[in-house]
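In: Pasting the sequence and the predicted model now:
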2 protein chains.
Amino acid sequence: MGLSDRALVAWRALLEVHQRLTADMDATLRAEHALPLAWYDVLVRLTDAARPLRMHELADRTLFSRTECTRIVARMEAAGLVVKEKDPEDGRGVYAAITDEGRTVLRTAARTHLADIERSFAAHLNDEETTTIAAALARVAAAAH
Amino acid sequence: MGLSDRALVAWRALLEVHQRLTADMDATLRAEHALPLAWYDVLVRLTDAARPLRMHELADRTLFSRTECTRIVARMEAAGLVVKEKDPEDGRGVYAAITDEGRTVLRTAARTHLADIERSFAAHLNDEETTTIAAALARVAAAAH
DNA sequence: CGCGTATTGTTACAATTGTAACTATCATGA
DNA sequence: TCATGATAGTTACAATTGTAACAATACGCG
């Protein structure tokens, strides 16, 4: 059961796509909204959750470690996009909550970023390819836990 | 011409697959061969080229900047995996050449790494999915230049 | 030729990151 | 209750990285 050449091509293409597109998207978000892609992701997760999230929940839902979450949230708080709140029921716990400004920034930045994803990624795929990639990569990701 | 939900799912799955798999593969190569994934990639490119490569060629063929190539090659030279050679025809130019030890390390590490790609990635895809992903992502990557 | 410009690769410095400790709090069970 | 261990989040320190400037060489046009 060796690794096929085609599978290796697929893997290398994935690496290249990731590298180039995330670099471009991060640069665009920073240039147009002073918003690193990592911050955008945090805002999306907090909005999706529709409630403040504990730091470890945020770490689980993003691709960041707890240490990274501590640092990202600290900087985002300094920028006014989120606030930290102590959990009244667990003295160790800290919540990160999106602010009104965070919501405003996300709403604006999302237009840019979703357009980026469309232009750089989705526009080059037909419906069948999109469906296949979504299903197949979700399976790979699920197996990686 | 909005971004479809499925395309967004595909993009997020790609991000997650990349993050989890590269982290795992890098850890495995370091643990078993004391070889960072970045070094592995350099060795592969030099072997594929079948000749020494100028630093800027190496940067073009990998996903690293010139500055990163300078640093990676310096460390790999200290580890004995490559050597740097001045270009006799261009006083500015420097070649990176793989050493015998580099070839030996690559041959050994490749077994580990290709098995990793098979187990973590390829094993979860059928032939049709693999073909689709390879073709589609290659197209996306090509458009990103 | 000779001057200005472009390219190559490196490096200084600041900023960022990873790793491993560390503090504080909670949960469990004798 | 109180010892023991687990969990949450943070932080110190070292290592890594990005950015912009740098030296050296090549190129191109008058």
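Out: Ah, there it is. Residues are numbered from 1 along each chain as shown, chains lettered A, B, ... in the order given.
In: what's downstream of the lengthiest helix in chain A, the next helix or strand?
Out: When chain A is parsed with DSSP state H, its longest helix is helix A:5-33. Heading C-terminal from helix A:5-33, the first helix or strand you meet, by DSSP states H and E, is helix A:37-49.
In: immediately after that next one, which helix or strand?
Out: Following helix A:37-49 toward the C-terminus (DSSP H and E): strand A:53-54.
In: So is that next one next to DNA strand D?
Out: Yes. Applying Cβ under 7 Å from any atom of the strand, one finds strand A:53-54 touching DNA strand D at A:Arg54. Every residue, glycine included, has its C-beta placed from N, CA and C.
In: and that strand, what does it pack onto?
Out: strand A:94-98 (3 or more Cβ pairs under 8 Å, 6 or more residues apart in numbering or on different chains; DSSP states H and E).
In: Would you mind listing the buried residues in the strand it packs on?
Out: Across strand A:94-98, burial judged by 16 or more other Cβ atoms under 10 Å in any protein chain shown covers A:Val94, A:Tyr95, A:Ala96, A:Ile98.
In: just stretch A:69-85 next, same as before
Out: Residues A:Cys69, A:Thr70, A:Ile72, A:Val73, A:Met76, A:Glu77, A:Leu81, A:Val82 are the ones in stretch A:69-85 that count as buried (16+ other Cβ under 10 Å).
In: Make JSON lines from these and add pLDDT to it.
Out: Output for the buried residues of stretch A:69-85, formatted as JSON lines (pLDDT from 0 to 100):
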{"residue": "A:Cys69", "pLDDT": "98"}
{"residue": "A:Thr70", "pLDDT": "98"}
{"residue": "A:Ile72", "pLDDT": "98"}
{"residue": "A:Val73", "pLDDT": "98"}
{"residue": "A:Met76", "pLDDT": "98"}
{"residue": "A:Glu77", "pLDDT": "98"}
{"residue": "A:Leu81", "pLDDT": "98"}
{"residue": "A:Val82", "pLDDT": "98"}
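In: Need the max-distance pair from these.
Out: The most widely separated members of these are A:Thr70 and A:Leu81, with 15.3 Å between them, by Cβ to Cβ.
In: How much space separates the residue nearest the centre of chain A from A:Arg107?
Out: Most central in chain A under Cα atoms, centre = their mean is A:Asp41, positioned 3.4 Å from the mean C-alpha point. To A:Arg107, A:Asp41 is 15 Å away according to Cβ to Cβ, to the nearest Å.
In: ok, now A:Glu118?
Out: Note on A:Glu118: its distance to A:Arg107, by Cβ to Cβ, is 17 Å.
In: Look at those two and report which has more neighbours.
Out: A:Glu118 (17 against 11; other Cβ atoms under 10 Å in any protein chain shown).
In: Let's verify the residue nearest to that one when sequence neighbours are not counted: helix, strand, or coil?
Out: Among residues not flanking A:Glu118 along the chain, B:Leu3 sits closest, at 4.2 Å (Cβ to Cβ, 6 or more residues apart in numbering or on different chains). B:Leu3 carries the three-state label coil when classified by DSSP: H, G, I helix; E, B strand; the rest coil.
In: if we can go back for a sec, of all the buried residues of strand A:94-98, which comes closest to A:Arg54?
Out: In terms of Cβ to Cβ, no member of the buried residues of strand A:94-98 lies closer to A:Arg54 than A:Tyr95, at 5.9 Å.
In: Name the residues of stretch A:26-45 that are buried.
Out: Of the residues in stretch A:26-45, those buried (16+ other Cβ under 10 Å) are A:26, A:28-29, A:33, A:35-45.
In: okay, how far is it across it, tip to tip?
Out: 17 Å (Cα to Cα, to the nearest Å).
In: do that stretch and chain B meet at all?
Out: No. Between stretch A:26-45 and chain B, judged by Cβ under 8 Å from any Cβ of the partner chain, nothing touches; the nearest distance is 8.9 Å.
In: Need the residues that contact that stretch.
Out: A:22, A:25, A:53, A:58, A:61-64, A:68-69, A:72-73, A:75-76, A:79, A:81-82, A:96, A:98, A:102-103, A:105-106, A:108-110, A:112-113, A:116 (Cβ atoms under 8 Å, 6 or more residues apart in numbering or on different chains).
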